[in-house]
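In: I'd like to go over a predicted model; first the sequence, then the structure.
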Amino acid sequence: MVQNHEQHFDNQNVKVMLDIPINIPLTDSFSLKVLFNECIIIDERLTSQTCIYYESLDLVDCELNPPKPILIQNNGITIRIGLCEIPIFDNETKQKNQTKFINLTVSAKLLKYRYFEGINRKNIKLLYDEFIQFKVFTCSFDCFLSGYISDVDICINRYTNSPLCFEDALNVLISQTGNKAKHLHKISESMNVGLTFNKRDFAKPSIPFIKFYHKEFELLSKSVDFYNFYLFPTYAKAIKNLTRCEVTIKNYAHKERLKKFNICPQFKTLDEYLNLSEKQLFNVIVFSINSYIENKPRQKAPNLSPTDHLIYELIQNCIMKGYDHKTLLNIVLTFKGSSLETTQVAQSRMRKKITDLFDLLIHKDVKIMTESNHNKHVLEYLNFINLRL
């Protein structure tokens, strides 16, 4: 559980939780479409057509182009505010009409010092206030909450023992995806390590976009400006070996699939999304990752005696639950014979039997071998998402 220690900044009207939420689903970002007709435009760049100016020729191309999004960048935070039109069903006419919206990229980075809280019902007003302070447009808070939400990134933070252990866990994930491994891509950046499932632009409801990455490395490289300004030194120790898993709920079709499998109810607006429970968000992550996992059937025991067959199956169960060879052998020590001599002889035979069947099992199945080799740290990392390894 995350302890609610708080730090007060004298010159900032904020309260910061010192502990990073672990194994708790958080909302990292989303796209929000606010009805244009319910907004007042302040910065006319948002709605003004554009044209090309050739500086070297001192000429202007007379052809007008649609308005360009306004980019706002400050201390490592990048916000995009633009226009879009999408078809919206009209209950009165029973038809879809093209409707104009202001499209916003909403990020937890706008929470600044409170970044690790993630976006939730308690702090959404802070994000609304941030957008109003940009003086690009204004709207009511109710209008903001009733905006249409898509491209939702839900994340879970997780500590790992080391970057090498994290890579081991990623390799095990890859080994479990079978034919779907073609959709996986290792992140091989010089300043990070990770794994993406599919690509954001090509994601589908059945094969969604998922990203595992080393959050510490990301904060100290790609997001270093944001980290230095808002998170350092408060979180300097807390981010050590911090990793993150992010799952994207892309669009309406994706939401419908989640509803179909009773993962979470359908939602259209930001207000409806904020009503989802922590458990429902967690289920989205687990369901999404498991959509790539192709569970192999249990290995059938070869021609063994009934007793050896039973031991073989029990060993397989133990390995699937995290036991390694050494742990299995320790069970032998619980046997006591009628004398010291008979105990030693029986335990020796039992160790040989376990070793023979263990070797037979792991050499028959690469999956079992992988689990045996990595149970100690890999399964510890992956069990938080309920992978059925």
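Out: Okay, I see it.

In: what separates P265 from I86, distance-wise?
Out: Going from P265 to I86 by Cβ to Cβ, to the nearest Å gives 22 Å. C-beta coordinates here come from the backbone N, C-alpha and C atoms, glycine included.

In: same thing with C39?
Out: Distance, C39 to I86, using Cβ to Cβ: 16 Å.

In: which one's more surrounded, these two?
Out: Taking other Cβ atoms under 10 Å, C39 and I86 do not tie; C39 has more neighbours (19 against 14).

In: so that one touches F144, yeah?
Out: No. Taking Cβ atoms under 8 Å as the definition, C39 is not a contact partner of F144, at 9.5 Å.

In: any weak-confidence spans in this structure?
Out: For the chain, applying pLDDT under 70 flags the ranges 1-17, 295-302, 320-322, 362-376, 384-389.

In: show me where it has its helices.
Out: Secondary structure of the chain (DSSP state H): helices at 124-133, 141-145, 163-175, 215-219, 224-226, 252-260, 270-273, 278-290, 306-320, 325-332, 340-364, 366-374, 380-382.

In: out of the ones you listed, which is closest to F101?
Out: helix 141-145 (11.1 Å; Cβ to Cβ).

In: buried stuff in that closest one?
Out: Neighbour-count burial for helix 141-145, counted by 16 or more other Cβ atoms under 10 Å, picks out C143, F144, L145.

In: how about stretch 78-98?
Out: Buried, per 16+ other Cβ under 10 Å, within stretch 78-98: I79, I81, G82, L83.

In: which one among those gets closest to S221?
Out: The nearest member of the buried residues of stretch 78-98 to S221, counting by Cβ to Cβ, is I79 at 20.9 Å.

In: surely that closest one touches T105?
Out: Yes. I79 lies in contact with T105 (Cβ under 8 Å); the separation is 6.1 Å.

In: with adjacent residues omitted, what lies nearest to V34?
Out: G147 (4.2 Å; Cβ to Cβ, 6 or more residues apart in numbering).

In: what sits against the one you found?
Out: L32, K33, V34, L35, F101, L104, T269, L270 (Cβ atoms under 8 Å, 6 or more residues apart in numbering).

In: again, only using 6 Å
Out: Each residue near G147 by Cβ atoms under 6 Å, 6 or more residues apart in numbering is listed here: L32, K33, V34, L270.

In: beta partners of the third one?
Out: Beta-bridge partners for V34, by DSSP bridges, are I102.

In: domain ranges for this structure?
Out: 6-290, 306-364 (automatic domain parsing).

In: looking at those, which is buried most?
Out: Mean neighbours per residue, mean count of other Cβ atoms under 10 Å, is largest over these for domain 6-290, with a mean of 16.

In: what about it, distance to the chain center?
Out: Distance of domain 6-290 from the chain centroid (Cα atoms, centre = their mean, to the nearest Å) equals 11 Å.

In: farthest residue from the center of this protein?
Out: S339 (56.5 Å; Cα atoms, centre = their mean).

In: phi first, then psi, for it.
Out: phi -150, psi 170 (degrees, to the nearest 10).

In: quick one, what contacts it?
Out: By Cβ under 6 Å, 6+ apart, no residues touch S339.

In: gap between it and I331?
Out: From S339 to I331 the distance is 21 Å (Cβ to Cβ).

In: now do R80
Out: 59 Å.

In: repeat that for C245.
Out: According to Cβ to Cβ, C245 and I331 sit 34 Å apart.

In: how about S48?
Out: From S48 to I331 the distance is 75 Å (Cβ to Cβ).

In: and if you look at L340?
Out: Distance, L340 to I331, by Cβ to Cβ: 19 Å.
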